[in-house]
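Colleague: Mind folding the following:
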Amino acid sequence: VQLQAFGGGLVQAGGSLRLSCAASGRTFGSYAMGWFRRAPGKEREFVAVISWSGESTYYADAVKGRFTISRDNAKNTVYLQMNSLKPEDTAVYYCAAARTLVRRVYEYDFWGQGTLVTVSS
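Modeller: This next block holds a predicted model:
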């Protein structure tokens, strides 16, 4: 599976952005898809994950209630809708694919390149 994330940009605090991750490969629908982020000077951290069917989702506490992960298997795409953005959400965001619904970086098999989200105060 090859992944390509896009949709990042500069937004003011309180604003919204939607990230997309396009996947190639016929097996996209069999993978759980996650979003991670790496803020300047910090390690990559879990943001959200969605099951292959879209029925199950999990979020990091820091984004719960503000971010929504979704997927469209017909389009081989997973999304991350980010609302009420805060300066501390500034990071490079990555999408990734895993065989099961997991949250640790090392449990993911495929990664896309990152897309930068900058939230100004």
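Colleague: Tell me the pLDDT of the residue most central in space within the chain.
Modeller: By CA atoms, centre = their mean, the chain has its centre lying nearest to residue 35, at 2.5 Å. We have a pLDDT of 98 for residue 35.
Colleague: So what are the sheet partners of the host helix or strand of it and their directions?
Modeller: Per DSSP states H and E, residue 35 falls inside strand 32-38. In the sheet, strand 32-38 lines up against strand 45-50 (antiparallel), strand 91-98 (antiparallel) (DSSP bridges).
Colleague: isn't residue 80 right next to residue 93, touching?
Modeller: Yes: assessed by CB atoms under 8 Å, residue 80 is found in contact with residue 93 at 7.0 Å. C-beta here means a position set from N, CA and C on the backbone, and glycine is covered the same way.
Colleague: who's more crowded, those two?
Modeller: Neighbour totals were compared for residue 80 and residue 93, and residue 80 leads with 27 against 23 (other CB atoms under 10 Å).
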